[in-house]
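Chemist: can you look at this prediction? I've put the sequence above it.
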Amino acid sequence: MRSETRAQNRIFLRTPIAAFFTLVLPLFFLVFINLLNTGVTIDEMGGITVAQWFTPGIAVFGMVTATFTNLSINTAAARDSGVLKRVLSTPVPMSVHLAGRLLSAVGVGLVSVAIMLTVGGLLFAVEIPWSGLPLVILLMVLGAATFSAIGLALAAVAPNARSAPALANAFILPLSFISGIFFPLEAAPGWLQTLASLFPLEPFADAVIEIFNPTLDPGFPWRAVLTMLAWLVAGVVLAVRYFSWEPRAGGSLRTSD
């Protein structure tokens, strides 16, 4: 499993577009939005600075991008290029291959989270809630598992690899905007808040942001944990039910053997 994880890490590092969307783009959002709002506070969040609110939210976004987006697109591409089918004919169990993909995605996500929090602390005076970090880590691991499962489910139901990027972005980008990643939801219409709460990203981001808010004592985030567990189970069920190792028509071109 370690060798599979290392192999997937090498593939990630050799794919500049993947590194850009997973590490560079969230970092750009972090720096750009925090610079534009230097010294600005959010009354609805107890008067904390924009940086204190936005940094943990964009860290969550980085984790979701590393797991959901990368796995959904790359797994569909590996299926339609024939990679997964060839793995079936090797001594390497498919479970080990997929575990390597998952561990690599989660590892990249944790690196992204560490970068966001480090830059936020060094450049924008974001206070790190050291006593709450174990809970943040728990949420990040659960979030990684949940969005990995959803990513694999999307790869399973995507008609082909060419459609996977459009489907992934059509799901995650609007969801990010209505889930409190880029602006607080307190002023949003009630129906929008209710809609966002049905998906796993809003409670995930909200729970992490509340831990970083020094004016709150949020307690254990049961809503986030239960919502993500429900979506984790749903993602696993869909992935197992519909996943195929065989290339699909209209997908990526097969690689030569």
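Modeler: Perfect, thanks for sending it.
Chemist: drop to CA atoms for contacts and neighbour counts, all remaining ones
Modeler: Noted.
Chemist: which outside residues touch the helix or strand containing Ala156?
Modeler: Ala156 belongs to helix 133-157 when assigned by DSSP states H and E. Defining contact as C-alpha atoms under 8 Å, 6 or more residues apart in numbering, one finds that helix 133-157 is touched by 60, 63-64, 67-73, 75-76, 102, 106, 109-110, 161, 164, 167-168, 204, 208, 211, 225, 228-229, 231-232, 234-236, 238-240, 242-244.
Chemist: right, and the helix or strand after that helix?
Modeler: With DSSP H and E, the next secondary element past helix 133-157 is helix 164-177.
Chemist: where does pLDDT dip in the stretch 101-250 of the chain?
Modeler: For the stretch 101-250 of the chain, applying pLDDT under 70 flags the ranges 249-250.
Chemist: hmm, back to that, the helix holding Ala156 vs helix 164-177, what angle?
Modeler: 140 degrees (axes from the mean of the first three to the mean of the last three C-alpha atoms, to 10 degrees).
Chemist: who's in contact with Leu185?
Modeler: By C-alpha under 8 Å, 6+ apart, the contact set of Leu185 is Ile178, Ser179, Gln193.
Chemist: nearest spatial neighbour of the first one, skipping sequence neighbours?
Modeler: Spatial nearest neighbour of Ile178, excluding adjacent residues (C-alpha to C-alpha, 6 or more residues apart in numbering): Ala196 at 6.0 Å.
Chemist: and what of the second one?
Modeler: In space, and not counting its chain neighbours, Ser179 is closest to Glu202: 4.2 Å by C-alpha to C-alpha, 6+ apart.
Chemist: which stretches of this structure form helices?
Modeler: For the chain, the helices defined by DSSP state H occupy 2-13, 16-19, 25-36, 50-64, 70-80, 83-88, 94-124, 133-157, 164-177, 190-197, 201-212, 222-242.
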